[in-house]
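[1] give me coordinates for this.
(one chain, ligands or ions: 2)
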Amino acid sequence: MTSVFGLVLLLGIPIVLITGLVSYAAYDPRLPGNETTPERGLLGFYLFDWPTHPVWLYRFTQGVHVVLGLTLVAVLLAKLWSVIPKLFAWPPARSLAEALERASLLLLVGGAVFEFVTGILNIQLFYVFPFSFYPAHLYGAWIFLAAFAVHVAFKLPKMVRSLRSRSIRRELRTGLDGTRPEPPDPDGLVPLRPAAPTMSRRGVFAFVGGASLMMLGLSVGQTTDGPLRRTALLAPHGRDYGPGPNDFQVNKAATAMGVDPATTGRDWRLELAGPHPVLLDRAQLLAMPMHTYALPIACVEGWSTEQTWTGVRLADLARLAGAVPGTADVFVESLERGGAFGQASLSAGQVADPRSLLALRVNGADLSLDHGFPARIMVPNAPGVHNTKWVRKLSFHATAS
Ligand SMILES: Nc1nc2c(c(=O)[nH]1)N[C@H]1C(S)=C(S)[C@@H](COP(=O)(O)O)O[C@H]1N2
Ligand SMILES: [Mo]
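    Ligands and ions are numbered 1, 2, ... in the order given. Below is the predicted model of the structure:
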């Protein structure tokens, strides 16, 4: 039974790890203002510039990261439960190899629990831990990854052997009456004098599998648009967000982020910094060539939604400020005071993509204040957190190569 849970985790956890590291890369941590993990050193490596094609990629990878992570919670708990006697094994080690293995278990179990707990607290926006989520979740992931690799190296042969030792099909046909305790094993996982079984193995699988499917079913809807979205009962955000065309998910409301509505009115100006600094009001922006694209907002918390945005191309704004699209990245600053996401950098490739907008309207209406009025960034395939709302200033810099 432990091996079956182990196999499911062996298939699932690498996907959660890889999509998580992909998400880190999608933040483009090399660019100024995107750095959320100081002193990351080698652990902050990434191998490629985050692309703007296909537009749904981050929506997909981050949806998988969060939804699959939630789905695996029950399997992880069942796996830990099934090996709990090992936790208390005494003496702690009889050989150096065993000492190494047990030390790796501490990091394995600690790392897994830490990653799942911080991840779930984060998607619930429940910041009870006294440290910053991003560096902690990243560093925790590397520790967990190392311990996971050691554990797989130690246990893979045993897992294969025990999976081969009996027929899964026969096990699934065996009810409580036919359930027999495991024969004693050299590892001491099996009780020496087991009580009569109260549950069949297939019953345990049905229970754990059912719990996993329930988690999946109640959270996958938040990655879709359409009727399925209403089924995402485990998604923490509310369901009504604003009037008509603006009625879709809001991450952080304007008042919550200290955006003074007075600063978004007539006196608002967009500041363009670059070789030729420019100041524009909203009417001047609306007089520029407008472009409309359907682009998703894909939050690191797993939820995503595609809406139709209208605005000015970032490339046009770059040219207006005297920069050359394709050779300049941009540092975006918002009106927000105090929030962590009031500024972000976009790469030269993101600025140059014709679908990258300073959006003024959504679904045919002006942006609502909560969706970023007077203007917000919308970049294809960018993590939601880089679609800065309430934009105040864009600074174009020649990209360091
Ligand atoms: N200025 C500012 N922009 C921001 C944020 C913020 O907190 N402040 N949140 C970001 C995050 S994390 C996401 S997922 C998107 C959500 O956009 P929405 O609230 O319009 O759905 O906005 C992004 N833009
Ligand atoms: Mo987000």
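[2] please make it C-alpha for all contacts and neighbour counts, starting now.
    OK.
[3] lowest-pLDDT helix or strand in this structure?
    In the chain, no helix or strand scores lower on mean pLDDT, DSSP states H and E than helix 84-87, which sits at a mean of 82.
[4] hmm, the helix or strand following it in reach of ligand 2?
    Next in sequence after helix 84-87, counting helices and strands by DSSP states H and E, comes helix 96-123. No - if you take C-alpha under 5 Å from the ion as the test, helix 96-123 misses ligand 2, and the best it gets is 9.4 Å.
[5] which is the succeeding secondary structure element to helix 96-123?
    Counting by DSSP H and E, what follows helix 96-123 is helix 133-164.
[6] counting contacts, what elements does the helix or strand just after that next one pack onto?
    From helix 133-164 onward toward the C-terminus, using DSSP H and E, the following helix or strand is helix 168-173. Judged by 3 or more C-alpha pairs under 8 Å, 6 or more residues apart in numbering; DSSP states H and E, the packing partners of helix 168-173 are helix 201-219.
[7] quick one: strands adjacent to the next helix or strand after the helix it packs on?
    On the C-terminal side of helix 201-219, the closest following helix or strand by DSSP H and E is strand 270-273. Sheet pairing of strand 270-273 (DSSP bridges) gives strand 278-280 (antiparallel), strand 391-398 (parallel).
[8] in TSV, list those along with mean neighbour count.
    Shown next, in TSV, are the strands paired with strand 270-273 (neighbours: other C-alpha atoms under 10 Å):
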stretch	mean neighbour count
strand 278-280	13
strand 391-398	22
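[9] dump those to TSV, plus mean pLDDT and distance to Pro197.
    Shown next, in TSV, are those (pLDDT from 0 to 100; distance: least, C-alpha to C-alpha, whole Å):
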stretch	mean pLDDT	distance to Pro197
strand 278-280	98	75
strand 391-398	97	63
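[10] longest strand in this protein, please.
    Longest strand in the chain, counting residues (DSSP state E): strand 304-313.
[11] ligand 1 contacts on this structure?
    249-252, 299, 334, 336, 341-342, 371, 384-390 (C-alpha under 6 Å from any ligand atom).
[12] now list the buried members of those residues.
    For those, a burial check counting by 16 or more other C-alpha atoms under 10 Å picks out 249-251, 299, 334, 336, 341-342, 371, 384-390.
[13] quick one, domains of this structure?
    Following automatic domain parsing, one gets these domains for the chain: 2-223, 261-398.
[14] the closest residue to ligand 2 within the stretch 1-150 of the chain: how many residues sit nearby?
    Nearest to ligand 2 in the stretch 1-150 of the chain, going by C-alpha to the ion, is Ile123, at a distance of 9.4 Å. When neighbours are defined as other C-alpha atoms under 10 Å, Ile123 has 18 of them.
[15] leaving out chain neighbours, which residue sits closest to it?
    Closest residue to Ile123 apart from its sequence neighbours, by C-alpha to C-alpha, 6 or more residues apart in numbering: Glu301 at 4.8 Å.
[16] helix, strand, or coil at that neighbour?
    coil (DSSP: H, G, I helix; E, B strand; the rest coil).
[17] how many residues are close by it?
    Glu301: 22 neighbours (other C-alpha under 10 Å).
[18] which residues of the stretch 301-401 of the chain fall in helices?
    For the stretch 301-401 of the chain, the helices defined by DSSP state H, counting those that start in this stretch cover 314-320, 348-352.
[19] now the ones you listed as TSV including mean neighbour count and distance to His276?
    Conversion of the helices of the stretch 301-401 of the chain to TSV gives the following (neighbours: other C-alpha atoms under 10 Å; distance: least, C-alpha to C-alpha, whole Å):
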stretch	mean neighbour count	distance to His276
helix 314-320	21	7
helix 348-352	23	17
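[20] ok, back up a step: out of the domains of the chain, which is the most enclosed?
    domain 261-398 (a mean of 21; mean count of other C-alpha atoms under 10 Å).
[21] run through the chain and note the low-pLDDT ranges.
    The model of the chain has pLDDT under 70 over residues 36, 38-40, 42-47, 237-240, 338, 401.
[22] which bits of it sit near ligand 2?
    299, 384-385.
[23] please redo it, this time with the cut-off set to 6 Å
    Applying C-alpha under 6 Å from the ion, one finds that the chain approaches ligand 2 through 299-300, 384-385.
[24] the residue nearest to Ile123 contacts Leu121, doesn't it?
    No - if you go by C-alpha atoms under 8 Å, Glu301 and Leu121 don't touch, sitting 10.1 Å apart.
[25] residue in this protein nearest to ligand 2?
    Cys299 (3.7 Å).
[26] report the contact partners of the closest residue to that residue other than its chain neighbours.
    Nearest non-adjacent residue to Cys299, counting by C-alpha to C-alpha, 6+ apart: Gly384, 4.5 Å away. Gly384 sits next to 297-300 when contact means C-alpha atoms under 8 Å, 6 or more residues apart in numbering.
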